[in-house]
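A.B. asks: Fold the following and give me the result.
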Amino acid sequence: MKNITSYKFVFILFFAFYAQISFSMMEDDDSSTQATAPVLRKAATITFGKYMLVPVRQDKALVPIFCDIFTSKVAALYEDGQAWTPEKALRRIQAVGIRVEEWERGDNTTLPWAIIYDSEHNAVGVFQAAYNKNDKYRNFLEIACALKSDSWGQGLALKAGLAYGKFFLRPLLKEVQGIYATVHPDNEKSCKAMKKSGFEASSSPYFP
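C.D. replies: Take a look at the predicted model:
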């Protein structure tokens, strides 16, 4: 890990405060691992440690997996506090499943979601990223990770993010101005982990 690219990394707390830091994403110096955005490439399974990331495709079989991950306990810290219904899970899977196909056709700015599986192939969470082109956070990457409660406190979100970034985010490194994440203030473990990474509070709800 010889090359270090510095980014503005914004940590947003729902209903609380904004924070801003300087974030370093490390890149290997092995050119053979550099993504070049070929046409008709394959969004493959990514293995990291005893876990793996599997890109989400338009597959109805994923509905129970999403419902199992987004229980009310997890959803309360991730979205609106309502556990995902099969209908909501299916709508989301259909929407984000298209992203894999677009990415495989060479669109680096359309980023897939990925399910996190453990070594026994149990789904333990979901990692997602989005590249904002047109809103006030233009040219910023938004990342998020939702984990089942029994996987909290293990540093899994950071490990999944690094694995995801190495495969999917490299082609965007020259265009991205920064990376931001959104965390509910009641999610104390995530807040603590981000602050430990160097986040500093800011009174501004926006960032450059």
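A.B. asks: By mean pLDDT, flag the weakest helix or strand of the chain.
C.D. replies: Lowest on mean pLDDT, DSSP states H and E among the helices and strands of the chain sits strand 18-27, with a mean of 34.
A.B. asks: can you give me the strands in this protein?
C.D. replies: Secondary structure of the chain (DSSP state E): strands at 3-13, 18-27, 46-48, 51-55, 114-117, 123-132, 140-147, 178-183, 200-202.
A.B. asks: Check the ones you listed for me: which has the lowest mean pLDDT.
C.D. replies: Among the strands of the chain, strand 18-27 carries the lowest mean pLDDT, a mean of 34.
A.B. asks: Q94 - nearest residue in space that isn't next to it in sequence?
C.D. replies: Distances taken as Cβ to Cβ, 6 or more residues apart in numbering place Q58 nearest to Q94, at 5.5 Å, with adjacent residues excluded. From N, CA and C alone the C-beta is placed, and that goes for glycine too.
A.B. asks: ok, that neighbour - contacts?
C.D. replies: Applying Cβ atoms under 8 Å, 6 or more residues apart in numbering to Q58 gives the contacts I93, Q94, G97, I98.
A.B. asks: got a list of what A130 touches?
C.D. replies: Counted by Cβ under 8 Å, 6+ apart, A130 has contacts L111, L141, E142.
A.B. asks: ok, and what's touching the biggest helix by length in the chain?
C.D. replies: In the chain, with assignment by DSSP state H, the single longest helix is helix 86-104. For helix 86-104, the external contacting residues (Cβ under 8 Å, 6+ apart) are 40-43, 55-60, 62-64, 66-67, 70, 84, 110-113, 128, 168.
A.B. asks: filter these to the buried ones?
C.D. replies: Applying a neighbour-count criterion of 16 or more other Cβ atoms under 10 Å, the buried members of those are 43, 55-57, 62-63, 66-67, 70, 84, 110-113, 128, 168.
A.B. asks: Return the set of residues that bridge with the most centrally placed residue in the chain.
C.D. replies: Geometric centre of the chain, nearest residue: Q128, 3.3 Å, by Cα atoms, centre = their mean. Q128 has these beta-bridge partners by DSSP bridges: A144.
A.B. asks: No further questions, thank you.
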